[in-house]
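Chemist: Below is the structure, and that's it, no one-letter string:
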């Protein structure tokens, strides 16, 4: 069990949301704002699992509720990690990591669309770097991943995760709310 999973729920967020399992780091907030998000939150998954915890569901519900009070939600974008950080240039994630992140993304999308009735949800598997074509035509996937990496919101190594892993994203998902 890592430090974040043991003590992360003790941290209270003073950022965009009323509650979340972990404090958002400034890099994640900065990247989300640069991408046009009006609100951002982060939830965690149990290692090796793709199911949402009740705490994560509550945090997502609270975020969507708070956003709805401020106006009409255009879409939610969700960046999802497996149990490893964003891959460094030239490395590939294992098939198991890609599958785990895809499963988590599907669970997040289904929960947000089915239970919270947000019609537009885009997910990004953060175990995979954007490919050459995505970069060339500047897809939303490439823009999102590049902005998160450039700001430090997608750390690639333990050196980049900060003091006691505070900036680590493994086993997490970042949820960005875009308003109309």
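Modeler: Perfect, I can see it now. Remember, it's a predicted structure, so these values are computed and weren't measured experimentally.
Chemist: Need the pLDDT of residue 93.
Modeler: Listed pLDDT for residue 93 reads 83.
Chemist: That one - how many residues pack around it?
Modeler: Using other CB atoms under 10 Å, residue 93 has 20 other residues around it. Bear in mind the C-beta positions are built from the backbone N, C-alpha and C, glycine included.
Chemist: which stretches of this protein have low pLDDT?
Modeler: 1-23, 86-88, 151-170 (pLDDT under 70).
Chemist: one more time with 80
Modeler: The model of the chain has pLDDT under 80 over residues 1-28, 30, 84-91, 129-130, 147-171.
Chemist: and stretch 130-142, which residues are buried?
Modeler: Applying a neighbour-count criterion of 16 or more other CB atoms under 10 Å, the buried positions in stretch 130-142 are 130, 134, 141, 142.
Chemist: name the element the second one belongs to?
Modeler: Same thing as residue 134. helix 132-136 (DSSP states H and E).
Chemist: now the last one
Modeler: Counting by DSSP H and E, the secondary-structure element that holds residue 142 is helix 140-151.
Chemist: Can you mark which positions in that helix are buried?
Modeler: Buried residues in helix 140-151, counted by 16+ other CB under 10 Å: 141, 142, 144, 145, 146, 147, 148, 149, 151.
Chemist: Next, residue 107: secondary structure please.
Modeler: Using DSSP: H, G, I helix; E, B strand; the rest coil, the structure places residue 107 in helix.
Chemist: measure the residue nearest to it when sequence neighbours are not counted to residue 56 for me?
Modeler: Spatial nearest neighbour of residue 107, chain neighbours left out: residue 50 (5.2 Å); criterion: CB to CB, 6 or more residues apart in numbering. Distance of residue 50 to residue 56, computed by CB to CB, to the nearest Å: 11 Å.
Chemist: more crowded one of the two?
Modeler: Using other CB under 10 Å as the criterion, residue 50 and residue 56 rank with residue 56 on top: 24 against 18.
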